[in-house]
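Student: predicted model and sequence follow; I will ask about them next.
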Amino acid sequence: MHGGEILGLAGVSGNGQRELAEVIAGLRPVTGGHIYLEGEEITGMSPGQITERRLAYIPEERMRDGVIKDFTVAENFILRDHNKPPFARYGFLNLNAIASHSERLIRQYQIKAPSKDTLVGALSGGNIQKVVLAREISRQPRTLIAAQPTRGLDIGVTEYVHRQLLEQRRLGTAILLISEDLDEILALSDRIAVIYEGRIMGILPRDEATPEKLGLLMAGVTEEKQQAA
């Protein structure tokens with residue numbers, strides 16, 4: 001992946017997409033190979049250590065892995081940084097800083113919530129995804145893993161998420177977009193990788209990637225076999 005690009009990862013569900021995302025984010029143990037982030041090996045680092053290196057992660061299961069539904073909007077905003085300034089000092093939470101930060105993100109990311117003290121579980125799926133987006137993007141990541149970021153969302157929120165990803169690309173963020181929606185991959189990606197049974201079958205520039213080529217790779221037909229045919 002390169003800064004300022006979206007690398008799409010296409011594939012039929014269950015071919016290793018979730019495992020790849022979780023390994024990169026430090027949520028799953030590495031059983032082989034190495035992971036490098038800006039030239040530094042991060043293989044085996046904890047999620048916290050990887051987060052400190054400005055990697056953000058939007059998980060595919062927003063309710064299970066993205067938020068704590070029994071926490072408020074404000075509490076979910078500071079999940080990654082609750083023990084650091086400006087949100088904490090000398091072991092105590094800075095409630096004014098948390099409130100100011102939360103209200104700003106609610107406005108900036110157009111989150112429809114009665115207040116920062118609303119439980120996240122009471123929000124719609126689209127607004128929950130905006131909470132996750134706001135938390136991850138507001139940390140100004142250099143690398144962003146977005147796994148199925150629009151699954152289950154309506155058209156309006158889907159377009160909003162797409163605009164946020166494109167804006168991050170403009171800002172120079174390296175983005176790995178994992179999606180089973182081939183139209184989404186084709187619309188947003190600069191390059192497209194295809195995964196099949198845990199293996200990358202090929203990586204194509206967007207202008208060379210057609211639904212037909214990608215479909216064959218997703219079925220396990222290598223580029224060499226396609227050319228031979």
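Tutor: Sure thing, it's come through. Numbers count the residues shown, from 1 in each chain.
Student: now do the longest helix seen in the chain, average pLDDT.
Tutor: The longest helix of the chain (DSSP state H) is helix 155-170. Model confidence over helix 155-170, given as mean pLDDT, is 98.
Student: which positions within that helix qualify as buried?
Tutor: 157-158, 160-162, 164-165, 168-169 (16 or more other CB atoms under 10 Å). For the C-beta atoms, the positions are set from N, CA and C on the backbone; glycine is no exception.
Student: direction included, what does the helix or strand just after that helix pair up with?
Tutor: The helix or strand immediately downstream of helix 155-170 is strand 174-178, counting by DSSP states H and E. If you go by DSSP bridges, strand 174-178 pairs up with strand 5-10 (parallel), strand 143-147 (parallel).
Student: so which of those strands is nearest Thr72?
Tutor: strand 143-147 (24.4 Å; CB to CB).
Student: correct me, but Asn15 touches Met201?
Tutor: No. The criterion here is CB atoms under 8 Å, and Asn15 misses it with Met201 at 9.6 Å.
Student: common neighbours of these two, please.
Tutor: Ile195 (CB atoms under 8 Å, 6 or more residues apart in numbering).
Student: quick one, what contacts the residue positioned nearest the centre of the chain?
Tutor: The residue lying closest to the centre of the chain (CA atoms, centre = their mean) is Ala146, at 2.1 Å. Contacts for Ala146 (CB under 8 Å, 6+ apart) come out as 58, 165, 175-178.
Student: pretty sure Arg54 contacts Thr143?
Tutor: Yes. Here Arg54 reaches Thr143: they are 6.8 Å apart, a contact under CB under 8 Å.
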